[in-house]
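Colleague: take a look and give me a structure for this.
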Amino acid sequence: MIHPTAEVESGAQVGPGTRVWHHCHVRAGAKIGADCNLGYGVYVDMGVVIGDRCKLQNRVSVYHGVTIEDGVFVGPHVTFTNDKAPRAVAPDGTPQGDDDWTVLPTLVQEGASIGAGSVILPGITIGRWAMVAAGSVVSRDVPDHALVAGNPARPAGYVCSCGRTLAKHGETLYCGHCDRTYDFPPLGEPEQA
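Modeller: Numbers count the residues shown, from 1 in each chain. Now for the predicted structure:
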């Protein structure tokens, strides 16, 4: 289902069962899997790859260089950036073109969730089933199942694949909601660049 106000450019691929809602723009060369939901005003740039069963809420911007694997949730107003040193013009004042960008690949792995209003800096990997708290600025890789929050986003614990925060139970981590147990290393502060 593609809403009449959405623009899906020729050369974009949209999988079966995917819904593209009001005022979305999907650029040529983008690949969107099956059974996804793109909310109001979502922008998907050229070359972006989105897996199956993903949900991108209203006003998400996904720029060139981003790959989102299966089953990922992206909250409203999340922005994925793609160049660490963007400029509109060169030092001599001439406009920058597509060849002047240094696109760094960003990967969001299976089952991850990114909270509303977060900004994902370029060159980041967000691990499987990780969770980024709303309003975070992610400037470092996020391990599998890690919960990160803040600006810059810092480790705040681990989450279960069901989305609940894990509690320490002896030498393991335990989900009181679904009874799963995990064995993850302690989360430390990321090293400074």
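Colleague: against which helices or strands is the lowest-mean-pLDDT helix or strand in the chain packed?
Modeller: When the helices and strands of the chain are scored by mean pLDDT, DSSP states H and E, strand 167-169 comes last with a mean of 88. Packing partners of strand 167-169 (3 or more Cβ pairs under 8 Å, 6 or more residues apart in numbering; DSSP states H and E): strand 172-174. Just so you know, the C-beta spots here come from the backbone N, C-alpha and C atoms, and that holds for glycine as well.
Colleague: can you list the weak-confidence ranges in the protein?
Modeller: When residues are selected by pLDDT under 70, those of the chain lie in 188-193.
Colleague: which residues in it form helices?
Modeller: Counting by DSSP state H, the chain has no helices to list.
Colleague: re earlier: the least confident helix or strand of the chain pairs with which strands?
Modeller: Using DSSP bridges, the strands paired with strand 167-169 are strand 172-174 (antiparallel).
Colleague: now do the strand it pairs with: everything it contacts.
Modeller: Residues outside strand 172-174 that contact it (Cβ atoms under 8 Å, 6 or more residues apart in numbering) are 158, 166-168, 180-184.
Colleague: off-centre distance for the least confident helix or strand of the chain?
Modeller: In terms of Cα atoms, centre = their mean, to the nearest Å, the gap separating the centre of strand 167-169 from the centre of its chain is 28 Å.
Colleague: hmm, who's touching that strand?
Modeller: By Cβ under 8 Å, 6+ apart, strand 167-169 touches 173-176, 181.
Colleague: repeat for stretch 129-140
Modeller: Stretch 129-140 has contacts (Cβ under 8 Å, 6+ apart) with 75, 109-121, 124, 126, 142-153, 156, 159-161, 163, 190.
Colleague: out of the residues you listed, which are buried?
Modeller: Neighbour-count burial (16 or more other Cβ atoms under 10 Å) is assigned, among the contacts of stretch 129-140, to 75, 109-121, 124, 126, 142-149, 153, 156, 159-161, 190.
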